[in-house]
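> Sequence unavailable; structure follows:
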């Protein structure tokens, strides 16, 4: 069987690494990279560190509006699928690359498999939520990371082809955690001591593109009186400079370039808390048992909140400061909500069957 794997963004490279290793034991894989993320720090370093095979096709789509990105990807992916004639299209997560790949496969009558199916924030104002729902409804195989995700699909009438596999991000994290500890010198490079700093990541459009939201976040970070390490996403840097907030933030916070997976994994693992608006980082914080404050009003990873390791905070300076100073996990219990590893092997097994 020939599988066309379609990826384009940083989180997808991390999810793809363990799955690619497993499916290549049984199948032929064609990797199509849309080019949604293209900076070295957001792209090639992940292929190098995670030992992912070089993409067979690179579409070079780059930045743009959602319509431009999705439409351009759809056209270019379709051309490759017609030429290569794969038996299955494999997509990950909830980006424009995910949706474009799923639509291209479905419209050509090629079976579609979705890794990380069934997630729901129930907020249709999020482009990612629209991508998730549409991708799930045109997929033939839906690989769910959690029981909640399975239930979400059943509620929407999707019952066939649904598999509970656990989360492939757990596979990546467990495989790379000790490697990161031994190889990465990021703490020494930044002059940090374990459990004496906070990691921050902000990239979601609702926080970066709205000046009032980004200003509230910057003011909170500047007044927090904590050591904050902030790898700055290209989108965030663009808007910090546009709104005249970059220099103010740089005076109080350790602003650094986006990190590779190993450096960032070690940085998270030694943080005392994490502030983020990323879905994947909420989950990684939970797995690493690091308290997480999420600057959003909802989350697709509701398990992290239910178990008391993640706190959702509306965008307000005082709320953010209060949450960082006061939030602690409400329970010492820590469940294997996302599985204990082996999700990639289960996905390969189900595809083989």
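Now that the structure is in, tell me what you want to look at. Here the structure is a predicted model, which is why all the values come from computation and not from measurement.
> how's the protein carved up into domains?
For the chain, the structural domains run 2-167+339-352, 175-326, going by automatic domain parsing.
> Export the ones you listed as a markdown table, with columns for mean neighbour count.
For every residue, glycine as well, the C-beta is placed using N, CA and C. Output for the domains of the chain, formatted as a markdown table (neighbours: other C-beta atoms under 10 Å):
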| stretch | mean neighbour count |
| --- | --- |
| domain 2-167+339-352 | 20 |
| domain 175-326 | 18 |
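> Mean pLDDT for these - can I get that in CSV?
Shown next, in CSV, are the domains of the chain (pLDDT from 0 to 100):
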stretch, mean pLDDT
domain 2-167+339-352, 93
domain 175-326, 95
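> name the element residue 214 belongs to?
helix 211-223 (DSSP states H and E).
> Other residues contacting the helix or strand harbouring residue 32?
Using DSSP H and E, residue 32 maps to strand 28-33. By C-beta atoms under 8 Å, 6 or more residues apart in numbering, the residues outside strand 28-33 that reach it are 1-8, 20, 23, 52-59, 77, 80, 84, 86, 101.
> Please flag which of those residues sit within helices.
In this view, those that belong to helices under DSSP state H are 20, 23, 77, 80, 84, 101.
> Skipping its backbone neighbours, what lies nearest the last one in space?
Nearest residue to residue 101 in three dimensions, chain neighbours excluded: residue 6, at 3.3 Å (C-beta to C-beta, 6 or more residues apart in numbering).
> With the fourth one instead?
Take residue 80 and drop its neighbours on the chain: the residue closest to it by C-beta to C-beta, 6+ apart is residue 57, 5.5 Å away.
> For residue 219, see how far away that neighbour is.
44 Å (C-beta to C-beta, to the nearest Å).
> next one: residue 127
27 Å.
> and what of residue 151?
Looking at residue 151 against residue 219, where the rule is C-beta to C-beta, the gap reads 39 Å.
> same question, residue 341
41 Å.
> ok, now residue 163?
Per C-beta to C-beta, residue 163 is found 45 Å from residue 219.
> just residue 327 next, same as before
19 Å.
> before we move on, what about residue 321?
Counting by C-beta to C-beta, the gap from residue 321 to residue 219 is 9 Å.
> same check, this time on residue 59
Distance from residue 59 to residue 219, by C-beta to C-beta: 40 Å.
> Now do the strands in the stretch 51-200 of the chain.
57-58, 88-92, 111-115, 141-144, 162-164, 198-201 (DSSP state E, counting those that start in this stretch).
> I'd like these as CSV, with distance to residue 249 appended.
Shown next, in CSV, are the strands of the stretch 51-200 of the chain (distance: least, C-beta to C-beta, whole Å):
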stretch, distance to residue 249
strand 57-58, 34
strand 88-92, 32
strand 111-115, 35
strand 141-144, 38
strand 162-164, 42
strand 198-201, 10
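> quick one: which of the ones you listed is nearest residue 212?
Across these, residue 212 has its closest neighbour in strand 198-201 (18.5 Å, C-beta to C-beta).
> Show me what that closest one pairs with in its sheet, parallel or antiparallel.
When sheet partners are counted by DSSP bridges, strand 198-201 sits next to strand 228-231 (parallel), strand 273-276 (parallel).
> Could you dump the ones you listed into TSV with distance to residue 97 added?
As requested, those are exported to TSV (distance: least, C-beta to C-beta, whole Å):
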stretch	distance to residue 97
strand 228-231	22
strand 273-276	21
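> Between those strands, which one is closest to residue 116.
Of the strands paired with strand 198-201, nearest to residue 116 by C-beta to C-beta is strand 273-276, at 17.6 Å.
> contact partners of the closest one?
Contacts of strand 273-276 (C-beta under 8 Å, 6+ apart): 198-202, 228, 268, 281-282, 285, 290-295, 320, 324, 327.
> How about stretch 296-303?
94, 119-123, 128-129, 132, 146, 148, 204, 206, 277, 279, 282-283, 286, 305, 310, 312-314, 335, 337-338.
> Checking my notes, residue 351 in a helix, right?
Yes: under DSSP: H, G, I helix; E, B strand; the rest coil, residue 351 falls within a helix.
> Report the contact partners of it.
1, 3, 23, 26, 27, 88, 113, 141.
> Span of stretch 219-238 from start to end?
18 Å (C-alpha to C-alpha, to the nearest Å).
> Tell me where the stretch 251-353 of the chain has helices.
Secondary structure of the stretch 251-353 of the chain (DSSP state H, counting those that start in this stretch): helices located at 261-269, 279-288, 302-306, 317-326, 343-352.
> Residue 108 is nearest to which of those helices?
Across the helices of the stretch 251-353 of the chain, closest to residue 108 is helix 343-352 (C-beta to C-beta), at 18.6 Å.
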